[in-house]
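Visitor: kindly generate the corresponding structure for this input.
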Amino acid sequence: YLCFSGISVAQDDCACCTEMHQQFDFCVGDWVVSDTAGNVVGENTIVMLEDGCIVSEHWRGAAGLTGRSYNYYNMAESTWNQLWIDSSGSSLVLKGHAEPGKMILQSALQQGQNVDWYFNRISWTKNEDGSVTQLWEILDKNEMVISVAFNGIYTLKK
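Guide: Numbers count the residues shown, from 1 in each chain. Down below sits the predicted model:
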């Protein structure tokens, strides 16, 4: 049993072993990341933590930027959530949902410098060859794509 604020609750043997919690498992692995021209832009190690409750990312960019994200399924909201923090001091909070072989997460509306308001939308798509495509789009306040911040292909290291 666990005790939260004086309330005892039974601990499930595997609380995060549900189908919903496993929707982002296709990204787990040790990856080389390339741009669409085939140039290596970094490496990404993605592992499961806390009995499958957290999908944890460790990014190492070819230009020196490093970062980590923690991704989890929120059962109360039926949403996937990500917190990203990197070595430049930037952070990003995303929320969204999965489709078969795809995860789509989006930020809240944010005030911009080049545009008045914008959203970040990042999607990860499992490809037939086992690679994963990550597409980071910038959307205007009407959710129309105005630019692509990143389009990368994740290939498992051999």
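Visitor: the host helix or strand of residue 95 packs against which elements?
Guide: Taking DSSP states H and E as the criterion, residue 95 maps to strand 91-99. Counting contacts by 3 or more C-beta pairs under 8 Å, 6 or more residues apart in numbering; DSSP states H and E, strand 91-99 packs against strand 79-86, strand 102-106, strand 117-126. Heads up, the C-betas are built off the backbone N, CA and C, glycines and all.
Visitor: tell me the angle of the last one relative to strand 91-99?
Guide: Spelled out, it's strand 117-126. Interaxial angle, strand 117-126 versus strand 91-99 (axes from the mean of the first three to the mean of the last three C-alpha atoms, to 10 degrees): 50 degrees.
Visitor: in its sheet, what does strand 117-126 sit against?
Guide: Applying DSSP bridges, strand 117-126 is found paired with strand 102-106 (antiparallel), strand 110-111 (antiparallel), strand 132-140 (antiparallel).
Visitor: neighbouring contacts of the strand of greatest length in the chain?
Guide: Counting by DSSP state E, the longest strand found in the chain is strand 145-156. When contacts are defined by C-beta atoms under 8 Å, 6 or more residues apart in numbering, strand 145-156 is touched by residues 27, 29-36, 41, 44, 115, 118, 120, 127, 130-140.
Visitor: same thing with stretch 48-63?
Guide: 14-17, 21-22, 24-25, 27-28, 40-47, 65-72, 84, 86.
Visitor: any stretches of this protein with poor pLDDT?
Guide: Within the chain, the ranges that satisfy pLDDT under 70 run 1-12.
Visitor: try 50
Guide: 1-9 (pLDDT under 50).
Visitor: adding mean neighbour count and distance to residue 154, write the helices and strands packed on strand 91-99 out as JSON lines.
Guide: Output for the helices and strands packed on strand 91-99, formatted as JSON lines (neighbours: other C-beta atoms under 10 Å; distance: least, C-beta to C-beta, whole Å):
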{"stretch": "strand 79-86", "mean neighbour count": "17", "distance to residue 154": "16"}
{"stretch": "strand 102-106", "mean neighbour count": "19", "distance to residue 154": "12"}
{"stretch": "strand 117-126", "mean neighbour count": "18", "distance to residue 154": "8"}
